[in-house]
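> Sequence first, predicted model second:
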Amino acid sequence: DAGITQSPRHKVTETGTPVTLRCHQTENHRYMYWYRQDPGHGLRLIHYSYGVKDTDKGEVSDGYSVSRSKTEDFLLTLESATSSQTSVYFCAISENRASITDTQYFGPGTRLTVL
Amino acid sequence: EDQVTQSPEALRLQEGESSSLNCSYTVSGLRGLFWYRQDPGKGPEFLFTLYSAGEEKEKERLKATLTKKESFLHITAPKPEDSATYLCAVRSNTNAGKSTFGDGTTLTVKP
């Protein structure tokens, strides 16, 4: 299994509070991603990173920010959580080099509930 | 915009009853098509990558095939432990940093 951990694994918070989710990898992969998974919507990309301090938006980035100060860590922050952000959040990593399969490997997920 | 549609949404099979899952896609230059398995409460687990039409890959009871418009995941003589949600995703050459996922097919295999 790819060395990806997510913390916390479960969190319940209240509307309006800030929340930070952490993804940590031990594979030294260049790319890291944050997805959310909701019934009927599949996996949707929030943000991704292609290197330290290099990030880009995905299809559902509104209300989320990210930071990557080290290769191994990718943080997802909800500045002011809303009930619509209740979801399961997955981190993924990939090497993404042209000569090597750019398969994404996923972490175990964080279940976030915003009351 | 890349799009992925999976069908059926849910599939119930008897143990040993072979079938196929479909993944139809539109993408501006296919970089790769990926199949994942996801068990309840867990992250997706990588199964296969297909890169070009005509390519096939096998793993135990699973076989993935690819055409220019769709991919099939064939399940031969399934067992209850094959029950899971199967996800399909594509990456395009013009947007290599991102994958577009389908909503998945939930497979249930009854003993």
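Thanks, I have the structure now.
> hmm, who's touching the strand ranked longest in chain A?
When chain A is parsed with DSSP state E, its longest strand is strand A:42-51. With contact meaning C-beta atoms under 8 Å, 6 or more residues apart in numbering or on different chains, strand A:42-51 is reached by A:30-38, A:55-61, A:64-66, A:68, A:74, A:76, A:89-90, A:96, B:44, B:87, B:89, B:97-99, B:101-104. C-beta here means a position set from N, CA and C on the backbone, and glycine is covered the same way.
> residues of that strand that come out buried?
Using 16 or more other C-beta atoms under 10 Å in any protein chain shown as the test for burial, strand A:42-51 gives A:42-50.
> near chain A, which residues of chain B?
For chain B, the contact set with chain A under C-beta under 8 Å from any C-beta of the partner chain comprises B:31-32, B:34, B:36, B:41-46, B:49, B:87, B:89, B:91, B:96-99, B:101-104.
> Would you list the buried entries among these?
Burial by neighbour count, judged by 16+ other C-beta under 10 Å, picks out B:31-32, B:34, B:36, B:43-44, B:46, B:49, B:87, B:89, B:91, B:96-99, B:101-104 from those.
> Looking at those, which are in strands?
Going by DSSP E, the strands hold B:31-32, B:34, B:36, B:46, B:49, B:87, B:89, B:91, B:101 from these.
> Which of those residues sits closest to chain A?
Nearest to chain A, judged by C-beta to the nearest C-beta, of these is residue B:101 at 4.1 Å.
> From what I see, that closest one and residue B:86 are in contact.
No - counting by C-beta atoms under 8 Å, residue B:86 is not a contact partner of residue B:101; they are 11.3 Å apart.
> Next one: residue B:69 from chain A, what distance?
19 Å (C-beta to the nearest C-beta, to the nearest Å).
> how about the helices of chain A, start to end?
Taking DSSP state H to define them, one finds no helices in chain A.
> sorry, back to before: show me the two of the buried residues of strand A:42-51 that sit farthest apart.
Greatest spatial distance among these (C-beta to C-beta): A:42 and A:50, at 22.7 Å.
> State which one residue of chain A is found closest to chain B.
Closest point on chain A to chain B, by C-beta to the nearest C-beta, is residue A:106, at 3.5 Å.
> What is the neighbour count of that residue?
Residue A:106 has 22 neighbouring residues, counting by other C-beta atoms under 10 Å in any protein chain shown.
> Please name the residues that touch the spatially most central residue of chain A.
By C-alpha atoms, centre = their mean, the mean C-alpha position of chain A lies nearest to residue A:34, the distance being 2.4 Å. The contact partners of residue A:34, by C-beta under 8 Å, 6+ apart, come to A:21, A:23, A:45-48, A:58, A:64, A:66, A:74, A:76, A:89-91.
> Kindly reformat the residues you listed as JSON lines containing pLDDT.
JSON lines is the format used below for these (pLDDT from 0 to 100):
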{"residue": "A:21", "pLDDT": "98"}
{"residue": "A:23", "pLDDT": "98"}
{"residue": "A:45", "pLDDT": "93"}
{"residue": "A:46", "pLDDT": "96"}
{"residue": "A:47", "pLDDT": "95"}
{"residue": "A:48", "pLDDT": "93"}
{"residue": "A:58", "pLDDT": "90"}
{"residue": "A:64", "pLDDT": "97"}
{"residue": "A:66", "pLDDT": "97"}
{"residue": "A:74", "pLDDT": "98"}
{"residue": "A:76", "pLDDT": "98"}
{"residue": "A:89", "pLDDT": "98"}
{"residue": "A:90", "pLDDT": "98"}
{"residue": "A:91", "pLDDT": "97"}
